[in-house]
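**Student:** Here is my input; please provide its structure:
(2 chains)
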Amino acid sequence: MKILITLHNNDIAPRFDLTTEVLIARIVRGKISGEPRTILLPGPSSDELCSLAIKEEVSLVICGGIEDAHFQYLNWKKIEVIDRIIGSAKEALTLAIAKTLQPGAIIWTRPDRSTTP
Amino acid sequence: MNSCPDLLEILNGVPHGIALLDQDLNIIGMNRFLEALTGYSGEEAHGIHYDYVLRSNFWKNNQFLRQAEETGLACSTEGDILGLNRKKIPVRFTATPILAPNSGQGEQAAMVLVLEDITTIQETLDRAKEPGPTKGLLGHSPKMQEVFELLPILAHTDSSVLITGETGTGKDILAEAIHHASKRGKHPFIKVNCGALPESLLESELFGHVRGAFTGAHADKHGMFQLAQGGTIFLTEIGDLPLPLQVKLLTVLDDREFFPLGSQKKVKVDVRLITGTHRDLRKMVGEGGFREDLFFRLNVLRVHLPPLRERDGDARLLIDHFLQMFAANFNKNIKKLSPQALQRLTSYRYPGNIRELRNIIEYGVNICRGEVIELDHLPPYVLAETVLTETVLTETENSAPAALKNEHPFPANKSVHENAQATQTTTSRPKEIPDNTANWSDIERQNILEALTQTGGNRSEAAKLLAWGRTTLWRKIKEYKLA
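**Tutor:** Predicted structure coming up:
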C-alpha cells in the first residue's frame, strides 16, 4: 500500500487545499519500503492533489484540514483519509503503519520558532 | 489563561472565536466558541502554533499578524478557516498585541486573535448581487402578505416556531429570515434535517458525545445544540424525529440543559428552536407517531406556508425572478418566455412548489439558445400535464393506467428536443402519458439509473451518455444516494 502525507517542512500541512509538497511512502508487510518520495507540486490545488493520489494508487491520505467535497471524493475512490492531524509527518507515518492513527490526533512536541509556518 | 478562570469565563461568553497566543504565536488558550469551530480543546491546543489548529487560508502569509506585532496596534483581515465539519467558514481575523506591563520598551507579551464568523455578511453581500429581495422571500399574494406581516412578530419573540407547508414552499428560507431578523441574528443559525440521519447518529449530531461513548467515538464532539449557542437551531422534518429523541428534545426545551451521549456532565444551552415539517403533526399525534406534549411545546407560534397553486399571481413573479437570476448566472441573453410557455407555466399545478418552479426555469434557461424560452424548452413532464388534462376531458377517467407510470418521461439517450416531441406525440395515445406527478429530481434520478443500467454500471460511459462530467455524475449519485 501507499501512504500520501501533505507536508509543510517536516510537519503535516494544516490545509489540504493549500499544500504544495507531499510525501509518498510505500509500505510492504508493515514496513516502509525504500526511501519515501517527496513531491513538490506546481501550486496548491485540492483537485490536483486528488488526481495525484489516484494516479499514484495511494490507499491512505494523511492531512490536516480538508474540505468535505474532497474528503468524500477520495473516500468514493476507495482512498481512506485521516484528517485534522497535527504534528510531525514522520511520527504520523509510524502511527499509521501501526494502525493507531486517528482523525483529529495531535502528535506534537512543543515546536521551536524554526518549525512554525 | 488556565490560571485565570474569570478571564476564560468572560471569553466563553463572547460569540466569536478567541485565541490567546504567546510571542511565538503558539496557543496559550482558546474560548469555547473557538473550541467548537476547530474541534480541539484549549488544553489540547496549548503550545501548538495557531495555524495548525485554526487551519486558516493565510497560513503562509500572515502579514497582518506581523503588522500587529510591529505597530503594537490591532490589525484585521478577512479570510477563511476549515471548520470541524470540513466546511470553509469565512472569517474576519483581528489581532491585538498585548504589551508586557513595566516593559518600558513596549515589549509584546501576547496576542489576542479574534475570529468573527462573517458567513451571514458574505451571504447577504452575495444575495445583494442577485436580482430580487435579499431575504429570499418573494410574493404579492394575500396569503404571502399574511406571512410577511407575521415575520416581525415572530422575530421579536423568543418562543418556538412551527413552520408547516408542503415540500418546496420555502420553510428553510422563512426560518432563516426569522433568525436574521431576531436579536439572535448575529449568532449561529444551525439547520438539522431530522429525516436525514438514523436515530443513533441523529442523537450524537444534536446533542454531541464524549470520547468512548460508543464504538468509533474517538474524541469529544459538540452537538448542534451547543454549536448553535446563543443563536437558533432549525429542525427541519421534525415529523421524522424518532420517538426516543422526541423525549430528549422535550427535556431540552423544558430545562435548557442536557447530557451529551456518554457524558456525566450536563450542558446548558441558550438556543431558540424553530421547527418545520410537511407532515400533519396533529394527525401523527392521533396515530401515536408524535408525542402530544412535544407537539404542544413546538406549536407555540405556527406559520403555514401556502403551496404555490394557492398563491394568486406569485407564480408569474417567481418565474420572472428565476428567469433573470439564471440568465445572469449562466451568462445567457434570455429576455422572456413565449406567451404559450408562460401560459403553461402559470397554469401548471407545481406539486413540488417553488423548488420545482425554480428547476423548471433553470432547465429552460439551460436548454434555450435564443432570447425567448419556447414551449419545447420546458421539461417534457410539464407539457405532459397539458396533454393529460386534455385527454381526461375527452376520455373516461380511467384512461391513464397506473402501469404506464413506470415509463420514463425523459430517456437519457434522446435529445431534449426529441423528448419534447415524443411527449407531444403521445397526445393521441393516452396510454403512454408519463407520470406527470414526478418532480425534476425523480426524473433526474431515473435518468441516472437508466444510464447506469444501459452501460452495465460503467460510470464513465454513463456520464458520457448523460453528457455530464464524471464528477457531476459522482455528485448526483451521492445526492440521490445511489452509491
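
**Student:** Pull out the buried residues from stretch B:331-345.
**Tutor:** B:332, B:334, B:337, B:341-342, B:344-345 (16 or more other C-beta atoms under 10 Å in any protein chain shown). Where C-beta positions appear, they are placed from N, C-alpha and C, glycine not excepted.

**Student:** One more: stretch B:183-198?
**Tutor:** Using 16+ other C-beta under 10 Å as the burial criterion, the residues of stretch B:183-198 that qualify are B:184, B:187-194.

**Student:** who touches that stretch?
**Tutor:** Here stretch B:183-198 makes contact (C-beta atoms under 8 Å, 6 or more residues apart in numbering or on different chains) with B:15, B:117, B:120, B:158, B:172, B:175-176, B:179-180, B:202, B:205-206, B:224, B:227-241, B:245, B:272.

**Student:** Contacts only, for the residue nearest to B:L73 when sequence neighbours are not counted.
**Tutor:** With sequence-adjacent residues excluded and distances taken as C-beta to C-beta, 6 or more residues apart in numbering or on different chains, B:L73 is closest to B:P97, at 7.6 Å. If you count contacts by C-beta under 8 Å, 6+ apart, B:P97 has them with B:68-69, B:72-74, B:108, B:110-111.

**Student:** Just the element for the closest residue to chain A within the stretch 151-300 of chain B, please.
**Tutor:** At 4.6 Å from chain A, B:H218 is the closest residue in the stretch 151-300 of chain B, using C-beta to the nearest C-beta. Using DSSP states H and E, B:H218 sits in no helix or strand.

**Student:** Just give me the closest of the buried residues of stretch B:183-198 to B:N85.
**Tutor:** B:I190 (10.4 Å; C-beta to C-beta).

**Student:** tally of neighbours for the residue lying closest to the closest one once chain neighbours are set aside?
**Tutor:** Leaving out its chain neighbours, the residue that sits closest to B:I190 by C-beta to C-beta, 6+ apart is B:A228, at 4.1 Å. A total of 26 residues lie near B:A228 under the criterion other C-beta atoms under 10 Å in any protein chain shown.

**Student:** so where's the longest strand in the chain?
**Tutor:** Looking at chain A here, since you left the chain open. strand A:31-40 (DSSP state E).

**Student:** sorry, should have said chain B
**Tutor:** strand B:88-99.

**Student:** What residues of that one count as buried?
**Tutor:** B:88-91, B:93-95, B:97.

**Student:** Provide the strand pairings for that strand, with the direction of each partner.
**Tutor:** strand B:75-82 (antiparallel), strand B:108-117 (antiparallel) (DSSP bridges).

**Student:** which residues does residue 15 contact?
**Tutor:** Answering for chain A, as no chain was given. A:R15 touches A:64-66, B:55, B:57, B:59, B:82, counting by C-beta under 8 Å, 6+ apart.

**Student:** Not quite, go with chain B.
**Tutor:** B:33, B:186-187, B:229-230.

**Student:** same deal with B:V303?
**Tutor:** Neighbours of B:V303 in contact, by C-beta under 8 Å, 6+ apart: B:147, B:150, B:154, B:161-164, B:174.

**Student:** Save those residues as TSV, and put in distance to B:H278, secondary structure and neighbour count too.
**Tutor:** Shown next, in TSV, are the contacts of B:V303 (distance: C-beta to C-beta, whole Å; DSSP: H, G, I helix; E, B strand; the rest coil; neighbours: other C-beta atoms under 10 Å in any protein chain shown):
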residue	distance to B:H278	secondary structure	neighbour count
B:V147	16	helix	21
B:L150	19	helix	16
B:L154	19	helix	22
B:V161	16	strand	25
B:L162	12	strand	21
B:I163	10	strand	27
B:T164	7	strand	21
B:L174	13	helix	26
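
**Student:** what number of residues lie near the residue of chain A found nearest chain B?
**Tutor:** Of the residues in chain A, the one nearest chain B is A:G65, at a distance of 3.3 Å by C-beta to the nearest C-beta. Close neighbours of A:G65, defined as other C-beta under 10 Å, add up to 28.

**Student:** With B:A36 as the reference, measure out to it.
**Tutor:** 15 Å (C-beta to C-beta, to the nearest Å).

**Student:** same deal with B:L294?
**Tutor:** 26 Å.

**Student:** picking up where we left off before, now the buried members of the contacts of B:P97.
**Tutor:** Buried among the contacts of B:P97 (16+ other C-beta under 10 Å): B:68-69, B:108, B:110-111.

**Student:** mind checking pLDDT for the residue of the stretch 151-300 of chain B closest to chain A?
**Tutor:** With respect to pLDDT, B:H218 has a value of 79.

**Student:** Determine the three-state secondary structure at the closest residue to B:S41 other than its chain neighbours.
**Tutor:** Nearest residue to B:S41 in three dimensions, chain neighbours excluded: B:E35, at 5.5 Å (C-beta to C-beta, 6+ apart). Secondary structure state of B:E35, per DSSP: H, G, I helix; E, B strand; the rest coil, is helix.

**Student:** Taking the centroid of chain B, which residue is nearest it?
**Tutor:** Closest residue to the average C-alpha location of chain B: B:K191 at 6.7 Å, with C-alpha atoms, centre = their mean.

**Student:** Surely that residue is in a helix?
**Tutor:** No: B:K191: not assigned to a helix; according to three-state DSSP it is strand.

**Student:** Who does it form a beta bridge with?
**Tutor:** Bridge pairing for B:K191 - DSSP bridges - gives B:F234.

**Student:** For it, give its distance to A:L4.
**Tutor:** 34 Å.

**Student:** Kindly report the same for B:K268.
**Tutor:** Counting by C-beta to C-beta - B:K268 and A:L4 are separated by 43 Å.

**Student:** So which of those two has more stuff around it?
**Tutor:** Legend: neighbour count by other C-beta under 10 Å for B:K268 and A:L4, higher for A:L4 (24 against 10).

**Student:** Contacts only, for the more buried one.
**Tutor:** A:22-24, A:52-53, A:56, A:58, A:60-62.

**Student:** beta partners of it?
**Tutor:** Beta-bridge partners, per DSSP bridges, of A:L4: A:I24, A:V61.

**Student:** quick one on the thing from earlier: mean confidence (pLDDT) on the longest strand of chain B, please.
**Tutor:** Rounded mean pLDDT across strand B:88-99 is 87.

**Student:** Show me where chain B dips below the pLDDT cut-off.
**Tutor:** Applying pLDDT under 70 to chain B flags the ranges B:1-5, B:59-61, B:101-108, B:123-136, B:385-439.

**Student:** Flag every residue of it that's near chain A.
**Tutor:** For chain B, the contact set with chain A under C-beta under 8 Å from any C-beta of the partner chain comprises B:24-26, B:39-40, B:44-45, B:47-49, B:51-57, B:59-60, B:62, B:81-82, B:84-88, B:218-219, B:471, B:474, B:478, B:483.

**Student:** so where do the strands sit in chain A?
**Tutor:** A:2-8, A:11-12, A:21-28, A:31-40, A:60-62, A:80-82, A:86-87, A:106-107.

**Student:** mind showing which ranges of chain A have poor pLDDT?
**Tutor:** Residues of chain A that meet the cut-off, pLDDT under 70, sit at A:109-117.

**Student:** what's the distance between A:A105 and A:D83?
**Tutor:** Counting by C-beta to C-beta, the gap from A:A105 to A:D83 is 10 Å.

**Student:** what does B:L73 give?
**Tutor:** For B:L73 relative to A:D83 (C-beta to C-beta), the value is 36 Å.

**Student:** ok, now B:G39?
**Tutor:** 10 Å.
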